[in-house]
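Chemist: turn this into a structure:
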Amino acid sequence: MHASDVVAIVLAVVLAGVAGAVVIALVSLTRSMRALRAALEELRADTLPLVDELRETVTTAAFNVERVDRLITGAEAVEGRVDAASRLAYRTIQSPVVKAMAVGAGVHRTAQRLVGKEPTPAEIVASSRRRRSRRRAG
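Modeler: Sure thing, here's the model as predicted:
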């Protein structure tokens with residue numbers, strides 16, 4: 001045997017070892033790919049129904065948000081109308097009521113003067129305080 005024969009045999013043994021390692025790596029890779037494919041199928045089976053539920057929930061939530069928005073818009077319109085009506089009622093009622101109270105107070109004082117009973121300074125102060133407290137409360 002020559003040196004070239006020995007080198008060829010050693011090279012053949014090394015190549016056979018490398019080929020065996022590649023085959024072992026490919027078998028391991030194939031197992032990993034099968035496990036990965038099974039995990040992917042399981043993930044798909046679990047997540048697709050969840051995605052469908054999520055889509056339905058989002059659609060329902062969007063519908064409810066639009067509904068609440070319409071309700072709020074309607075409530076704001078009603079609030080504006082009620083506010084305008086209450087201001088109108090206040091303006092309409094306020095002036096005649098104030099005038100009637102003033103006339104009543106004038107008639108009362110005139111009646112007291114005609115009868116000869118002038119209010120004392122203490123009664124005038126008390127009457128003034130009552131009017132101010134009514135204004136604050138009203």
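Chemist: okay, CA-based contacts and neighbour counts for the rest of this
Modeler: Fine.
Chemist: and stretch 126-138, average pLDDT?
Modeler: The pLDDT scores in stretch 126-138 average 69.
Chemist: what's the answer for stretch 85-98, then?
Modeler: On average, stretch 85-98 scores 80.
Chemist: from the chain's centre, how far out does that stretch sit?
Modeler: Remark: stretch 85-98 is offset 39 Å from the chain centroid, using CA atoms, centre = their mean, to the nearest Å.
Chemist: which SSE is residue 37 in?
Modeler: helix 3-115 (DSSP states H and E).
Chemist: could you name the helices and strands sitting against that helix?
Modeler: Where contact means 3 or more CA pairs under 8 Å, 6 or more residues apart in numbering; DSSP states H and E, helix 3-115 is not packed against any helix or strand.
Chemist: what's the distance between residue 128 and residue 44?
Modeler: Between residue 128 and residue 44 the computed distance is 83 Å (CA to CA, to the nearest Å).
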